[in-house]
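> return atomic coordinates for the entry below.
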Amino acid sequence: MGNLTEKEKKAYEEYVKKKTPVHNLPLNMLKAFITGGIICMIGEFILNYCEKCGLDKNMSGSWNSVILVLISAVLTGLNLYPKIAKWGGAGALVPITGFANSVAAPAIEYKKEGQVMGIGCKIFTIAGPVILYGIFTSWLLGFIYWLAGKAGVLG
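Take a look at the predicted model:
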């Protein structure tokens, strides 16, 4: 912006101010809390229902995960989950439903490019880094834990 006049600089600053979104942190936190809370309530309902049907805690937890992932994938396919995530922010993106959305969304978006070059190559464009760094971090922390055990630091 070296050769701009003061008038042009001021006009640019006004343009940037007009285009820059204003965030209300307390409101965004409340929306995330509500969204995440509703997802957790649905998960608890599924868990309790499975236990009432006679499943043990482990099997109920497995069914809970499967059903939440299925709901998320269906809502993504119907283009509803992105709207929920836009409103609820991290409240919708952090739980298992957000992870399912991050896998389903690229599959839907790139299906027109074919099974291999579209879905096969791009399905993990969003979730891939999460998986990679999650596995790497788990390995690293496990290695540190193992070293601490060998060194006698852990009881």
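> going forward, measure contacts between C-alpha atoms and count neighbours the same way
Will do.
> mind listing what residue 102 touches?
Contact analysis of residue 102 by Cα atoms under 8 Å, 6 or more residues apart in numbering lists 124, 126-127.
> residue 152: what secondary structure?
Assigned with DSSP: H, G, I helix; E, B strand; the rest coil, residue 152 falls in the coil class.
> so how far is residue 146 from it?
10 Å (Cα to Cα, to the nearest Å).
> now do the helices in this protein.
With DSSP state H as the criterion, the chain has helices at 6-19, 25-52, 57-77, 81-88, 90-93, 96-109, 121-122, 127-150.
> quick one: which of residue 152 and residue 146 has more around it?
The neighbour count for residue 152 versus residue 146, taken as other Cα atoms under 10 Å, is higher for residue 146 (13 against 9).
> which pLDDT does the model give the more buried one?
Residue 146 is assigned a pLDDT of 94 by the prediction.
> then the one 4 residues further on?
Residue 150 is assigned 93 on the pLDDT scale.
> what about it, how many neighbours?
By the measure other Cα under 10 Å, the count of residues near residue 150 is 10.
> roughly how far apart are it and residue 143?
Residue 150 is 10 Å from residue 143, where distance means Cα to Cα.
> before we move on, what about residue 44?
Residue 44 is 34 Å from residue 143, by Cα to Cα.
> how much space separates residue 102 from residue 96?
Between residue 102 and residue 96 the distance, using Cα to Cα, works out to 10 Å.
> which residues are in contact with the lowest-mean-pLDDT helix or strand in the chain?
Taking mean pLDDT, DSSP states H and E as the measure, the chain has helix 121-122 as its least confident helix or strand, at a mean of 76. Residues from elsewhere that reach helix 121-122, judged by Cα under 8 Å, 6+ apart: 106-107, 110.
> which one of those is nearest residue 28?
For these, the minimum distance to residue 28 (Cα to Cα) is 25.7 Å, reached by residue 106.
> check contacts around the residue nearest to the closest one when sequence neighbours are not counted.
Leaving out its chain neighbours, the residue that sits closest to residue 106 by Cα to Cα, 6 or more residues apart in numbering is residue 123, at 5.1 Å. Residue 123 makes contact with 103-107, 110, according to Cα under 8 Å, 6+ apart.
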